[in-house]
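J.: Have a look; sequence and predicted model below, questions after that.
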Amino acid sequence: MSFALNEIEATAKRATRGAGRDWGIAEEAAKATRWLCSQGIDGAAVLAAVLNQNDGKAAADLRPQSLQGDWQAASGALCPLQTGASLSDCAARLTAGRITLQSVSNPAMLLPFAAAAAAQLGQCVTLEWEGCAAVTDGASLCISGDALLVAETSGVSASLGGTLDEQAAKATRATADTAAWESLNSFAHRTFAPATEASRIAGAGAGLSDND
Amino acid sequence: METNAQTTISRRDPALVMRLSRLGSLHQCRLSFMRTLTRRLARENWSFARPFFDIDEKGVGHAVYSATGPDHTYSLVAFAHDLPPEMRSDRVIATAWDATFTLFDGVPTADDIARLSKNVPHQEAGRVNDKSLSVSRANRSVRLWEHMVDALSHGRQPEAETVASVGYLMRTTAVYGSGKLGAADYEKIACRPEMSAPFQAEMLSVFLTRAFVTDLVNHMARARGGDQAVELDHETALSLGIGNSTGLGMAPFIINHPVLFNNWTEAREEAIARVRSLPSATTEEAATFLSLFDRSKLSVEAWHSNHPVQIEKLSGLAADLDKITAHLNHVDLTRDHPWNSLYTWAEGALSEEGQEMIASLILEPYGHLVDELASSMADGRPEAFRIDGAMPVGTVRALIETAFGWTIDTNWQAKENCARAWYVSEEKLEPRLGERFEEPIADYEQPLAPARDAAAAHAALAKWDADLPVAEFLLKQPEHRHTVRRVQICADAPYSEVQDNTISATVLPIDMLRYKLAVFGATHFDPRSDRWVRISMFGNAPYPADLNEENADLWVYPTAEEAK
């Protein structure tokens, strides 16, 4: 099925919130997923992998414990959403040198945040992990290697520079893997309050006959 | 003329403008989206056609209405249904309607129509593709519809009082655009001049819907009365708008789109500042104002509501109109910064309804000064979303104090200050507002209380070194990321936040609905409750076939003939 990018964004935001993340992170995940889709990558599948991998885990353990030195999680792999948000927040630090991230899950989800950093700096940013190098200037993306969609990598390097050779074609619609889309919708469902008769009557404020 | 845009009077303070009671007193103005649309359609000499109308005697079938401009054709594909009364509901949870629509990008083929006919009538339960720019539905005003079909089918015109008491034959209950249900994202059309102002596709769909509804009532009268039936009198048809019935879904929009909220408000505030800054006015400009003020009075006379809040506001507005009339009798509107004098007088003498009516009305003689601001009302800054993580903690705190200074001392633990919570029901994803301390909804709360959240972030930031980059704070306390983004947006967009409590025990969501609908260009706000409102759109506007540059703009103000 073909989706509007707005639909992808709206569902990604609800799903991320449903997975227990803060609203500000859910907003980042929504924009990031949309950006991946606009680059022709199935962002919904990447986000579903991120949320499923970390469902039920304490978010505080999955984020960089410090922004000094190499970035690493308290245990296990870094979550690319929180790590990506920090990468975008710390864009200016890339001018002083590369940032090294130790062990990241679903590193493809870092790409939109690298793009946000590149757009802020007005320069290309390159992300590299084993089997994959990605360059972005914020708007476009150039990927080499075949390990874009790995579930986890032992380390990612973020640095300024790189050249955009073969750019991915831009997409204005998205096709999402069916199982991943269902997974996002089931996460999103957690944000919906169960209907009660009281809320049906009072919550929306109608309740009058519309046959007038 | 470059001097035109110089202002000596500054824009009004957001602390004044962004209070809910004032937003809930807004009136349409030159920059309203409906008027921006009809001015353009006339200026560019758009042509309109009805290539298809295939509806049976029960009122079931479909029709196509097209609008063709310099570069594109847009087609309203309308499906008419025979709806049992027990299924008629204006709420999101409805599953069937009297009529359903999509605005198609281009001219639909037979295959397109066949595909749309299997989806559009089901609305949320169907799917469209990126050839659709909007999806919408409408229900009849049962009372007026029946009266009108009955009268016309018997060869009579409907009673003027009955027509005036409702004002529309159908009311839309949702107009979805921008990617909803699979439709095209706004980005697909944003670069087209006719779509560069916000909500132009949705407004065009409603403008064409009005033509369809009038054709349909004539068709149904003929089906019932045969040769005995008469066509609806043109003057009566002109007086009819399209109603709209709007619930809570629209209220979160202005909070969820702070840049748009700012741009809509800032454009009007800039327009007001430009006109207030004029040192003098010509006699023609003064005459235009006076004439439209008189016509506004007719519009207010025709504005009815049964809701206690609006009844009180209307009575205040009626008193305001009397005061304005008396005031205008002894002021010279041509000299001594006349519009600033008038506005300043209004601030001291009138209710917020009256003040905002004056603020909108003084723009009318000055299309050449203000109409171009419509092009600044879209959101052209997607980068505003990105957080500046290098900003020091102390600067972020100061921004919160600027944007939300009024809330820092609010006791957010007090029940009356956080009595409500916004949530989304699993039942067809209907947005609702509930009682936090009486219903199990707090866990499902949507982020629609920016003031409370700003106060919390302000307190949390106080524990951090003011010189540290906010990126450090956000890493450890991501629960404030949403708020930090908002206050950074507000630094460049001072009208992006409601400066009021959106979850208090006394909040009136209809204030937020009224604001947005007024920006669209709606009139005759008629609340059905504190969170539900009916309005009229395009009442007294020309029909597509009659649109020209003379009637394309000021139709919103009824003339004495129209008001009879």
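T.: It's in.
J.: which of the residues in the helix or strand hosting residue B:491 are buried?
T.: Element membership for residue B:491 (DSSP states H and E) is helix B:481-492. Buried residues in helix B:481-492, counted by 16 or more other C-beta atoms under 10 Å in any protein chain shown: B:481-491. C-beta: built from backbone N, CA, C; applies to glycine.
J.: is chain A contacted by it?
T.: Yes: contact of helix B:481-492 with chain A (C-beta under 8 Å from any C-beta of the partner chain) involves B:481-485.
J.: Identify the residues contacting the very next helix or strand once past that helix?
T.: Next along the chain after helix B:481-492, taking DSSP H and E as the criterion, comes helix B:509-520. The contact list for helix B:509-520 (C-beta atoms under 8 Å, 6 or more residues apart in numbering or on different chains) reads A:205, B:20-21, B:23-28, B:31-34, B:199, B:203, B:244, B:246, B:248, B:250-251, B:253-255, B:264, B:268, B:309, B:433, B:498, B:502, B:525, B:527, B:529-533, B:535, B:537.
J.: partner strands of whichever helix or strand comes after helix B:509-520, parallel or antiparallel?
T.: Later in the chain than helix B:509-520, the nearest helix or strand by DSSP H and E is strand B:523-529. If you go by DSSP bridges, strand B:523-529 pairs up with strand B:532-537 (antiparallel).
J.: What are the contacting residues of the strand it pairs with?
T.: For strand B:532-537, contacts defined as C-beta under 8 Å, 6+ apart pick out A:204-206, B:34, B:167-168, B:171-172, B:206, B:210, B:241-248, B:510, B:513-514, B:517, B:520-528.
J.: For the chain, just list every one of the strands.
T.: No chain in the question, so chain A it is. With DSSP state E, the ranges of strands along chain A come out as A:2-4, A:99-105, A:125-129, A:132-136, A:141-144, A:152-160, A:173-175.
J.: nope, chain B please
T.: Secondary structure of chain B (DSSP E): strands at B:47-55, B:61-68, B:73-80, B:99-105, B:132-140, B:168-177, B:241-246, B:420-424, B:431-435, B:523-529, B:532-537.
J.: circling back to that earlier point, of the residues of helix B:481-492 next to chain A, just say which sits nearest to chain A.
T.: residue B:481 (2.4 Å; C-beta to the nearest C-beta).
J.: The closest residue to that closest one other than its chain neighbours and residue B:98, how far apart?
T.: Nearest residue to residue B:481, sequence neighbours excluded (C-beta to C-beta, 6 or more residues apart in numbering or on different chains): residue A:24, at 2.4 Å. Computed with C-beta to C-beta, to the nearest Å, the distance linking residue A:24 and residue B:98 is 42 Å.
J.: State the pLDDT value of residue 156.
T.: The chain I'm using is chain A. Listed pLDDT for residue A:156 reads 98.
J.: that answer is for a different chain, and I need it for chain B
T.: Reading off the confidence values, residue B:156 has pLDDT 98.
J.: Flag the shaky bits of the chain, pLDDT-wise.
T.: Since no chain was named, I'll use chain A. A:206-208 (pLDDT under 70).
J.: oops, I was thinking of chain B
T.: Ranges of chain B meeting pLDDT under 70: B:1-6, B:563-564.
J.: one more time with 50, if that's ok
T.: For chain B, the stretches flagged by pLDDT under 50 are B:1-4.
J.: List the contacts of the residue of the stretch 101-250 of chain B found nearest chain A.
T.: Nearest residue of the stretch 101-250 of chain B to chain A: residue B:179, at 2.9 Å (C-beta to the nearest C-beta). Contacts for residue B:179 (C-beta under 8 Å, 6+ apart) come out as A:4-7, B:185-186.
J.: If we only consider the residues you listed, which is nearest to residue B:87?
T.: In terms of C-beta to C-beta, no member of the contacts of residue B:179 lies closer to residue B:87 than residue A:7, at 27.0 Å.
J.: wait, what's in contact with the closest one?
T.: Contact analysis of residue A:7 by C-beta under 8 Å, 6+ apart lists A:174, B:179-180, B:182.
J.: Buried residues in stretch B:433-443, which are they?
T.: Buried residues in stretch B:433-443 (16+ other C-beta under 10 Å): B:433-434, B:436, B:439, B:441.
J.: Which residues does that stretch contact?
T.: So stretch B:433-443 is contacted by A:193, A:196, A:198-199, A:202-203, A:205, B:248, B:415, B:418-423, B:445, B:503, B:509, B:531 (C-beta under 8 Å, 6+ apart).
J.: chain center to it: distance?
T.: Its chain's C-alpha centre and that of stretch B:433-443 lie 28 Å apart, by C-alpha atoms, centre = their mean, to the nearest Å.
J.: can I get the CA coordinates of it in PDB?
T.: What follows is stretch B:433-443, C-alpha atoms only, in PDB (Å, rounded to 0.1, in the frame of the first residue of the first chain):
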ATOM      1  CA  LEU B 433     -11.000  16.200  26.600                       C
ATOM      2  CA  GLY B 434     -11.600  14.500  30.000                       C
ATOM      3  CA  GLU B 435     -11.500  15.000  33.700                       C
ATOM      4  CA  ARG B 436      -8.000  14.000  34.900                       C
ATOM      5  CA  PHE B 437      -9.200  13.300  38.500                       C
ATOM      6  CA  GLU B 438     -12.300  11.400  37.500                       C
ATOM      7  CA  GLU B 439     -11.400   9.300  34.500                       C
ATOM      8  CA  PRO B 440      -8.500   6.900  33.800                       C
ATOM      9  CA  ILE B 441      -7.000   9.100  31.100                       C
ATOM     10  CA  ALA B 442      -3.900  10.700  32.500                       C
ATOM     11  CA  ASP B 443      -1.700   7.900  31.100                       C
END
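J.: Which member of the buried residues of helix B:481-492 is positioned nearest residue A:123?
T.: Nearest to residue A:123 among the buried residues of helix B:481-492, counting by C-beta to C-beta, is residue B:488 at 21.9 Å.
J.: who touches that closest one in this structure?
T.: Residues counted as contacts of residue B:488 (C-beta under 8 Å, 6+ apart) are B:387-388, B:391, B:396, B:399.
J.: For the longest helix seen in chain A, name the packing helices and strands.
T.: Longest helix in chain A, counting residues (DSSP state H): helix A:23-38. Here helix A:23-38 touches helix A:5-18, helix A:43-54, helix A:80-89, helix A:111-121, helix B:481-492, going by 3 or more C-beta pairs under 8 Å, 6 or more residues apart in numbering or on different chains; DSSP states H and E.
J.: So which of those is the most surrounded?
T.: Highest mean neighbour count among those (mean count of other C-beta atoms under 10 Å in any protein chain shown): helix A:80-89, with a mean of 27.
J.: Whether that helix contacts chain B - can you check?
T.: Yes: applying C-beta under 8 Å from any C-beta, one finds helix A:80-89 touching chain B at A:82, A:85-86, A:88-89.
J.: and the stretch 101-250 of chain B, which of its residues are near chain A?
T.: Within the stretch 101-250 of chain B, the positions near chain A by C-beta under 8 Å from any C-beta are B:127, B:129-130, B:139, B:141-143, B:178-180, B:182-188, B:245, B:247-248.
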